[in-house]
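A.B. asks: take a look and give me a structure for this.
(4 chains)
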4 protein chains.
Amino acid sequence: MFPFSPRSVELQKRVSDFMDAHVIPNEPVYFGQQDELADRWDSPPVMEELKARAKAAGLWNLFLPESHLGAGLSNLDYAPLCELMGRSYIGPEVFNCAAPDTGNMEIIERYGSEAHKERWLKPLLDGVIRSAFSMTEPDVASSDATNISLSAVRDGDDYVLNGRKWWTSGAGDNRTTLLIVMAKTNPDAPRHAQHSMILVPKDTPGITLVRSLKVFGYEHTPYGHFEIVYDNVRVPASNVLLGDGRGFEIAQGRLGPGRIHHCMRMIGVAERGLDAMIARARQRVAFGKTLAEQGMVQEAIALSRIEIEQARLLTLHAAHLMDTVGNKAAASAIAQIKVVAPNMAFRVLDRAIQVHGGAGVSQDTGLAGAWTFARAVRLTDGPDEVHLRAVARMELKRDLPAKPW
Amino acid sequence: MFPFSPRSVELQKRVSDFMDAHVIPNEPVYFGQQDELADRWDSPPVMEELKARAKAAGLWNLFLPESHLGAGLSNLDYAPLCELMGRSYIGPEVFNCAAPDTGNMEIIERYGSEAHKERWLKPLLDGVIRSAFSMTEPDVASSDATNISLSAVRDGDDYVLNGRKWWTSGAGDNRTTLLIVMAKTNPDAPRHAQHSMILVPKDTPGITLVRSLKVFGYEHTPYGHFEIVYDNVRVPASNVLLGDGRGFEIAQGRLGPGRIHHCMRMIGVAERGLDAMIARARQRVAFGKTLAEQGMVQEAIALSRIEIEQARLLTLHAAHLMDTVGNKAAASAIAQIKVVAPNMAFRVLDRAIQVHGGAGVSQDTGLAGAWTFARAVRLTDGPDEVHLRAVARMELKRDLPAKPW
Amino acid sequence: MFPFSPRSVELQKRVSDFMDAHVIPNEPVYFGQQDELADRWDSPPVMEELKARAKAAGLWNLFLPESHLGAGLSNLDYAPLCELMGRSYIGPEVFNCAAPDTGNMEIIERYGSEAHKERWLKPLLDGVIRSAFSMTEPDVASSDATNISLSAVRDGDDYVLNGRKWWTSGAGDNRTTLLIVMAKTNPDAPRHAQHSMILVPKDTPGITLVRSLKVFGYEHTPYGHFEIVYDNVRVPASNVLLGDGRGFEIAQGRLGPGRIHHCMRMIGVAERGLDAMIARARQRVAFGKTLAEQGMVQEAIALSRIEIEQARLLTLHAAHLMDTVGNKAAASAIAQIKVVAPNMAFRVLDRAIQVHGGAGVSQDTGLAGAWTFARAVRLTDGPDEVHLRAVARMELKRDLPAKPW
Amino acid sequence: MFPFSPRSVELQKRVSDFMDAHVIPNEPVYFGQQDELADRWDSPPVMEELKARAKAAGLWNLFLPESHLGAGLSNLDYAPLCELMGRSYIGPEVFNCAAPDTGNMEIIERYGSEAHKERWLKPLLDGVIRSAFSMTEPDVASSDATNISLSAVRDGDDYVLNGRKWWTSGAGDNRTTLLIVMAKTNPDAPRHAQHSMILVPKDTPGITLVRSLKVFGYEHTPYGHFEIVYDNVRVPASNVLLGDGRGFEIAQGRLGPGRIHHCMRMIGVAERGLDAMIARARQRVAFGKTLAEQGMVQEAIALSRIEIEQARLLTLHAAHLMDTVGNKAAASAIAQIKVVAPNMAFRVLDRAIQVHGGAGVSQDTGLAGAWTFARAVRLTDGPDEVHLRAVARMELKRDLPAKPW
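C.D. replies: Predicted coordinates:
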């Protein structure tokens, strides 16, 4: 029904085959190697092998709509690919399509200078370095982003940063060399022109990775989510993206695609959860019947299918709107899917866990980790409540008769 | 996003305008006239005026895919039109697109003889008679249709029908002259070849309309839902559609489109409920703020928008599958939307009622009637549970690895 | 577990037996007689017979805690009796324990003069007249009761009332002779001292019963819910209850018990719905098994039992608090149960309807009517949202450490 | 309302004070020490200090109804104490009231020989050793306990055990010296007489702790949940509790109290979650208002209060039934609360997490750990579905009229 390009249709088949042939079977290898690492912020060696293989297969940098640097796919075309990669915790990185790098590369591609691109975008696109996005702060409700308070003060040709961030995802990875920092540079400007986005090398003096934040007991190594102190961190003023006070403008452009990519992955992880639920239900016997023959389990399976279908359609719909009417006109659809997708994936995975019993909560499947991750995504980029409020406010502005019924 | 034909796009505009200009404003006229009728099974006169106007505007018989008798629209093309008509209780009839006539016309068009078409289809398409579908029985769980027990015994060139039906919708209407009856003609045949569909004139001796069944206090006059006794009702054997024992074959073909038409209307009624919710929330003040400014009401509005969008996309998806891969391959999608649409409309209307307070449960808006109707649709053509079971069983047949995670 | 008095325990047995022996079997008689009545605002004759029988059995006026006029039962003691009566639509009236009379009698007993008691309370307690409570207005959000605007202006020894009320329940009943009207008598007083409650004979000139409001298609005859215009309605100033400007004080005292009585009845109606669900599930066969053997139906039964138990316990808990610490200290518990009970009954009845299929939505059982009534109770005496807000505000006032975790 | 003994009322005050004065403030000490331990299966030293203090205060072994060895409290009396302890992850152990020791002590007290009591019960009651319960197996659906397959074969005066268990909670603790193992000793006996419970010293040759199972990323050190291989593990036949083939009889007696203790703790943890939610909502500002002033957050608070109250009342009700009519007659109530309590706590904690934003999913509060634990309890001692089925089956056996409505 959706007007996927022939290119996308062909890539869907190839990404799907690659996932089945290389990624899924290498998950145990990856986690096994990880257990053996001396430094948990290192990446298991199999990852680089898989990346090389994906690159060789031309399955690389499939995001980046409207740029000759990417695959030239629309958001709609990319959606089913991103979904397929999302079936595995290690999938997106294999194809160099993992957060937060994708969003960061998009920013630099769109708003960076040639020097920025040469120094940072090129190695990111090559998959030889990684990056982090340092925006949220512990002391303010960051869902209202005008609250961001880390200060960057101009001093000659430099900016000097002071403040504290947290939930800077990916900062832990030993391959990460770049932090993109949202800072208040123009405190006296109007509310939405006070902030700037600054490219900060991770090894700049004054940066301290204070501690690694856990997500329900998971550390998400080697990426991690870090609390970071910036103490007189000095960078050239030329590291500012796009221009002073234009941080919001960039954030706006970044968040839409970033949000929907998470949603696409949520569809993939939910599909895999449903597969696992079905496979288990067919095998396990209780009270003389397979679980598959039991009404409450059938209900769990059917509701999961129904919720996945609806979430996928809404995601594709939002992606198509982004492609055709732009991110701004698609704002309600993006907010809607930001609420729907993680909640849906959470429920589907929850049912899969329930059908698996004790195995479901343990390390024996990926269900437990995916379930906690889906829960966390209900907060990432703003809690459900903020998005519901946004959807309602857009509805309330509609032109309607005084008494429609 | 959906590949609507230019014809459909143009009709969407025209149906929408017609609804706003003629149908919605005439609802009070219709119900006012109804209160004055001597016989509640008569149709308020304004209905024929509206029908004439719609016919003149070329907005007539827009259903009937794949037939030169209809508008030649695909299910996908028809979906948004049916949704728009569904915004009003009286909408579908105005365009000669009301249940159960649409399903009945489709059956006769597809499976009837020339004589059937001349006698019944023509006046139905002209909107001068109406019809009913007599299938469900009070004494058996009709959701398992092989249970249907009304007997039709061959006697010379006739069939003689004996048995009891109920929920024969539309039977009460004084304009109704045709009952399509599902009867057991071949009790010794295999399970799915025992039944036939028979065209039975409503005035045939032996037919008694025992009583009118209410739907939560509503009688849905002038259509009604009737319990009917068939006592030695004699009709020519030539009144059998398609052939002896082929009732299931026909039912299968009828139920898919019939179900999805109900779903399309549910989207429309939910949209109107949301409009009413928003309009009310903007006007009503409590505790010093409009309801529109209050968080719980905003949540109600946002969730309603989100659920409507998803249900509409799933409906369109199912319609498109019916058009492109056929009703059989679309079976899971149809079962899914059959669960989703009435439940969604019910929740949206429920929230609209809550925002309206006492006005919402009363006759002052159409919310109360629409809400009870949406509830009833959760049972029409099979309860949710039967459709969930069907969806689950199709999922359980999928080819999957033994341990997908 | 609950410290019911021996008197209550004995009455529980007797009310239960009386319901089974006399009330339940006479429901069809009642509704049959009702269909034959020339005036639908008359009461079917069997009602007076049942009332006489209950009175003779000493099962009469069991409400009225702390008064020698009633049975001297505490709220806790009365709860299980009220629940039992609530199993039938006609139950409460049989025992002279029906709304709005019970609340009205309590008000007059507590706040009325001897003359009020002689003229109104005595015949109400005898069950020879009925009464209505006229508070809600169509033009304001009455959930915020300070909005009430019907004016009563002092003129010599009289008050002259002008304004419009609606949802005046019981006003239609031909036996109703008294309206208790909430009116604004002191517009210049502080916010909570502007209103008074006035006893107004229904036949006073200037009163017009404009129309009967329906509840989802039901008119609840012979009681009815009326929109009433008060046009220069003149009553003696001595008809004011308790004193000028003390309407709120009275309302406060009335609403607590009134609310919890509705909740008790909701438990009863839910229990009967569960009984019906179970009985049906044991009898009906689909897909080769009784519904009772099917997992989704088992889930429906178990969840219903679980929700009923919890709602009953919370109701008893609130009643016990009212008895022991007073209505004010019980405010949160009353608000909680006001949300829980109708929502619970609604869900249980909804599941029972689903298990009954078409029979469930029709007039063939009491499920359809009870289900719509439970829905309406979510709005009666304030919508859920108002009570949730109240509960939250009381929680937010609790003394807590700054960081409890 | 509930007839707590004066002893219980007094202990409630003392346990509450002790929690506030000693346990809650020492949580950071405990977790800080834990991070420093060389062996994560050791217990942080502060625990023994707290235990000594609780023992000295007479707040020790408060479970054990009907035994002179315990505090002589009924289940009802114990419920609020257990709830209070449950507010902290480390609470129950401080008072020597932690699972699985409490259930194990109850078994030995009730079914053990004098020798068993001398060797195992005494040190358990003294809090100098700990124990584990080894029942669930990875290869069978253990929710149907007749599936248990680990074999114990008689050989002279010994039993020789062979098989594999998992989810043996507490086995990791270096203080644990006793495993109570459910084994199949009589494979040819009737279905419920094939199993025995055997006391097995943890250091018996042939026992291998294969691996520690995680619960959503948490290892619950120092207790742990272990997969254990029993390979020719030889113990004296006198280690069988109660007698050959009586394992089910014991399990039945153990599970009721064990389940309800978990439920009591769930109430406590939910109360603390609500406290945290409220405290946070009062402090955090977004969009110009505290969260406490925002409708969706108010709804979250109110629903949490309402659900906690109902779950607590149902728990107390079940406890009281156990005390007054016995565990068997209380079976439905126990199954009900087993479903209600963890689901309730999960929802309340989920809302608290949502209000906390990123802090809620991290290690900065106990919310994340408690939330995953509540989820796991939906599977412990049987998944929700098994308990719902049990409740339904008991309901379906009730004596009812053929058509109750």
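A.B. asks: for the residue located most distally from the centre of chain A, what are phi and psi?
C.D. replies: Distance from the C-alpha centroid of chain A, by C-alpha atoms, centre = their mean, peaks at A:G288 (43.3 Å). Its backbone dihedrals place A:G288 at phi 80, psi 0, with angles given as degrees, to the nearest 10.
A.B. asks: residue of the stretch 1-150 of chain A with the smallest distance to chain D?
C.D. replies: Of all residues in the stretch 1-150 of chain A, the one sitting closest to chain D is A:A141 (4.1 Å; C-beta to the nearest C-beta). To be clear about C-beta, it is placed using only N, CA and C from the backbone, and glycine gets the same treatment.
A.B. asks: now do the SS call for that residue.
C.D. replies: coil (DSSP: H, G, I helix; E, B strand; the rest coil).
A.B. asks: what parts of the stretch 1-150 of chain A come near chain D?
C.D. replies: Within the stretch 1-150 of chain A, the positions adjacent to chain D are A:T136, A:P138, A:A141, A:S142, A:S143, A:D144 by C-beta under 8 Å from any C-beta of the partner chain.
A.B. asks: what about 10 Å?
C.D. replies: Taking C-beta under 10 Å from any C-beta of the partner chain as the criterion, the stretch 1-150 of chain A approaches chain D at residues A:T136, A:E137, A:P138, A:V140, A:A141, A:S142, A:S143, A:D144, A:T146, A:N147.
A.B. asks: if we can go back for a sec, surely the residue of the stretch 1-150 of chain A closest to chain D touches D:G357?
C.D. replies: Yes. A contact is recorded between A:A141 and D:G357 when judged using C-beta atoms under 10 Å, the distance being 7.2 Å.
A.B. asks: overlap in contacts of these two?
C.D. replies: When contacts are counted by C-beta atoms under 10 Å, 6 or more residues apart in numbering or on different chains, A:A141 and D:G357 have A:P383, D:R284, D:A286, D:L291 as shared neighbours.
A.B. asks: list the contacts for the residue nearest to the third one when sequence neighbours are not counted?
C.D. replies: By the measure of C-beta to C-beta, 6 or more residues apart in numbering or on different chains, the closest residue to D:A286 outside its immediate chain neighbours is A:A141, 4.1 Å from it. Shown in contact with A:A141 (C-beta under 10 Å, 6+ apart): A:N147, A:P383, A:V386, D:R284, D:V285, D:A286, D:F287, D:L291, D:G357.
A.B. asks: just those now: which is nearest chain C?
C.D. replies: The nearest member of the contacts of A:A141 to chain C, counting by C-beta to the nearest C-beta, is D:L291 at 10.2 Å.
A.B. asks: skipping adjacent residues, who's closest to that closest one in space?
C.D. replies: Beyond its immediate neighbours in the sequence, the residue positioned closest to D:L291 (C-beta to C-beta, 6+ apart) is D:A281, lying 4.1 Å away.
A.B. asks: looking at this, the one you found is in a helix?
C.D. replies: Yes. The secondary structure assignment for D:A281 places it in a helix, going by three-state DSSP.
A.B. asks: so it versus D:R305, what's the distance?
C.D. replies: D:A281 sits 13 Å away from D:R305, taking C-beta to C-beta, to the nearest Å as the criterion.
A.B. asks: quick one: common contacting residues for those two?
C.D. replies: Common neighbours of D:A281 and D:R305 (C-beta under 10 Å, 6+ apart) are C:A392, C:E395.
A.B. asks: which parts of chain A are helices?
C.D. replies: Secondary structure of chain A (DSSP state H): helices located at A:6-18, A:24-36, A:45-56, A:75-85, A:91-94, A:101-111, A:114-116, A:122-126, A:247-283, A:295-324, A:331-356, A:358-361, A:367-377, A:384-396.
A.B. asks: list just the one of the ones you listed that sits closest to C:A57.
C.D. replies: Ranking the helices of chain A by their distance to C:A57 (criterion: C-beta to C-beta) puts helix A:295-324 first, at 45.3 Å.
A.B. asks: give me the average confidence score over stretch A:239-255.
C.D. replies: Per-region confidence: stretch A:239-255 scores 88 on mean pLDDT.
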